[in-house]
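Asks: got a structure for you, letters missing:
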């Protein structure tokens, strides 16, 4: 894509210009991901089919949480509670799933519903409190982070729940042509998220609120409703994330998910979504999550020490934000 | 900070003072300072201590736990309020092997019998404070070596193994790694890689999957705790290598019992966490009753657990 193209697009219809910008934005992150893959492909095993399966498996939970986080960050919010809420959803679902005397299929179904309901509960709590009293979501979700963690410990008395139905366990490691089933589910969620954000009025209004909340209000939009909705959507995805965690690892425990929120935020930011809201996309988030996953995997294959690995991941996050600044200028030009 | 401490101390003192009046004067009072009760291991330890109090019936237990592993402040406050309460003995599992030395010194100076268990206080810090105190606890290095030796015996010399470590910087993680390394040397194992998964299931699953990609010929895994074993075993299942890679762990948590039974876990180490606080309390009460003061390192039981031990 060169500048002539861009100029033509701008001269043309406004939608084409927007699309071009989006493509350009996404292309930048995509190129970064491809560059990373090329670098790592020099290490043996990196491109082997089993390693690709591994990377996709490892990306899945973060991807699902990042989709929800994108909705929240787009309206200028943040959700620090997702790791703790994931743990709470998992122990609730785990408790339901291991109830004695339930048919395995029924148990799994009820557990899934209960995880999502628990996620919605915390999402509503986050959204209602921050929207009603106009409290920064940073503070509210710092509170619910502790509430959810405490509740998870209380429910389980700090113990790990295990021994889920064999079919559920098998479902978690199912693959189609090397692609994990759980990742395919995450991709469907990406597609839904993309559709909602780009093809519906609801999605457009979310961007509008992130850009200028007052303007959105003056335009007659019920900002309160949209804010609560964004946090609730995030809650739904956390509930689904909890079920995916359980399917992958066959346990639920009140101490899982510590720091998951930071990985999700990192994926969203690397994916080009602005922390101040109003700008960004789900496709970017998908690429951001993949960059984090590829990096974590590739650095181990390279044989780098744990400490070096942590430092490099930090550098990449900062680099991504700096690159985003340039990309912003480019797309505005 | 000071104000917060004052409030915390007075709240603690208040809750402790109330029931104190109803205690029989002749029953010794033991203050138990625990680590994070969010950790199943310490939660069980506390429950073991409570059961022990009911069983013995000749002492009164006052227990304080922390919010998180790093909540040193709560432990210091607890010790200070126990000093004010004039308890007969304090049994403490320090969250920080240096920061807890000054308050413990004050307790000893106040004539209280103090027993340090679970994690040993730092020798140098003790020396500087002029504090002489015995340590009652398991030998993590020895325990890890027992597990590592079981693996070496099963696989034989030259077997390719990896280590999944606990939190870098944590004393028990360091000791367990040393124990595994002892086994590597003694059993002439080929150590391919050693990485931390921060005690966590999901991280262990990710880290081990990636190690297995880098080294497809791994034959054995030594994990520094059983939560990480859960993640490692799932990674082995996902790679279709069940039965081809042997795993050993540490802690003998309930969640690994099925794995032991199905022989997906070769061995783990039980350090009888549930009894650990109770044992330390016994030792403290022995001294309070006029017994000989404890010295050096009083090692507590550790046991290798294999599928033979699971019914």
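Replies: Yep, it's here. Fair warning: this is a prediction, and the values are worked out from it, not measured in the lab. Numbers count the residues shown, from 1 in each chain, chains lettered A, B, ... in the order given.

Asks: buried ones in the longest helix along chain A?
Replies: Assignment by DSSP state H gives helix A:104-132 as the longest helix of chain A. By 16 or more other Cβ atoms under 10 Å in any protein chain shown, the buried positions in helix A:104-132 come out as A:107-108, A:110-112, A:114-116, A:118-123, A:125-131. C-beta coordinates here come from the backbone N, C-alpha and C atoms, glycine included.

Asks: packing partners of it?
Replies: helix A:82-97, helix A:137-156, helix A:166-172, helix A:223-249 (3 or more Cβ pairs under 8 Å, 6 or more residues apart in numbering or on different chains; DSSP states H and E).

Asks: please identify the most buried of the ones you listed.
Replies: helix A:82-97 (a mean of 28; mean count of other Cβ atoms under 10 Å in any protein chain shown).

Asks: picking that back up, the longest helix of chain A to helix A:137-156, inter-axis angle?
Replies: 150 degrees (axes from the mean of the first three to the mean of the last three Cα atoms, to 10 degrees).

Asks: could you export the helices and strands packed on helix A:104-132 as TSV, including mean pLDDT?
Replies: Rendered in TSV, the data for the helices and strands packed on helix A:104-132 read as follows (pLDDT from 0 to 100):
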stretch	mean pLDDT
helix A:82-97	97
helix A:137-156	95
helix A:166-172	90
helix A:223-249	97
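
Asks: can you redo those as CSV with distance to residue A:294?
Replies: Output for these, formatted as CSV (distance: least, Cβ to Cβ, whole Å):
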stretch, distance to residue A:294
helix A:82-97, 22
helix A:137-156, 28
helix A:166-172, 22
helix A:223-249, 18
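
Asks: just checking, residue B:199 touches residue B:229?
Replies: No. Counting by Cβ atoms under 8 Å, residue B:199 sits too far from residue B:229 to count as a contact (11.0 Å).

Asks: so which of these two has more stuff around it?
Replies: Applying other Cβ atoms under 10 Å in any protein chain shown to residue B:199 and residue B:229 shows that residue B:229 carries more neighbours, namely 30 against 24.

Asks: do you know how far that one is from chain A?
Replies: 11 Å (Cβ to the nearest Cβ, to the nearest Å).

Asks: chain neighbours aside, what residue packs nearest to that residue?
Replies: residue B:249 (3.8 Å; Cβ to Cβ, 6 or more residues apart in numbering or on different chains).

Asks: who's in contact with the one you found?
Replies: Listed by Cβ atoms under 8 Å, 6 or more residues apart in numbering or on different chains, the contact set of residue B:249 reads B:147, B:223, B:225-226, B:228-229, B:256, B:265, B:267-269.

Asks: up against chain B, what does chain A have?
Replies: A:43, A:45-46, A:48, A:50-51, A:54, A:57-58, A:61, A:149, A:153, A:157-160, A:162-163, A:173, A:245, A:248-251, A:253-256, A:258, A:296-297, A:300-301, A:303, A:306-307 (Cβ under 8 Å from any Cβ of the partner chain).

Asks: report the buried members of those.
Replies: A:43, A:45-46, A:50-51, A:54, A:57-58, A:61, A:149, A:153, A:158-160, A:162, A:173, A:245, A:248-251, A:253-256, A:258, A:296-297, A:300-301, A:306.

Asks: which residues sit against the strand or helix carrying residue B:174?
Replies: Residue B:174 belongs to helix B:171-186 when assigned by DSSP states H and E. For helix B:171-186, the external contacting residues (Cβ under 8 Å, 6+ apart) are B:97, B:119-120, B:139-149, B:151-152, B:161, B:163, B:165-167, B:189, B:191, B:194, B:196, B:199, B:222, B:224, B:250.

Asks: mind checking which of the residues you listed land in strands?
Replies: Judged by DSSP state E, strands contain the following of the contacts of helix B:171-186: B:161, B:163, B:165, B:191, B:194, B:196, B:222.

Asks: give me the residue at the spatial middle of chain A.
Replies: Nearest residue to the geometric centre of chain A (Cα atoms, centre = their mean): residue A:66, 1.0 Å.

Asks: how about it, what does it touch?
Replies: A:264, A:267-268, A:271, A:285, A:288-289.

Asks: same question, residue B:31
Replies: Taking Cβ under 8 Å, 6+ apart, one finds B:62-64, B:78-79, B:82, B:85, B:87, B:89-91 in contact with residue B:31.

Asks: where does the chain dip in pLDDT?
Replies: All of this refers to chain A. A:1-26, A:328, A:330-333 (pLDDT under 70).

Asks: not quite, go with chain B.
Replies: B:1-25, B:67-70.

Asks: so which residues on it come close to chain A?
Replies: Counting by Cβ under 8 Å from any Cβ, chain B sits next to chain A at B:37-40, B:43, B:168, B:193, B:195-196, B:200-202, B:205-207, B:209-211, B:213-214, B:216, B:227, B:230-231, B:234, B:237-239, B:253-255, B:258.

Asks: those residues in helices, which ones?
Replies: Checking the residues of chain B next to chain A against DSSP H, those in helices are B:40, B:43, B:201-202, B:205-207, B:209-211, B:213-214, B:227, B:230-231, B:234, B:237-238, B:258.

Asks: give me the distance between residue A:157 and residue A:144.
Replies: Going from residue A:157 to residue A:144 by Cβ to Cβ, to the nearest Å gives 21 Å.
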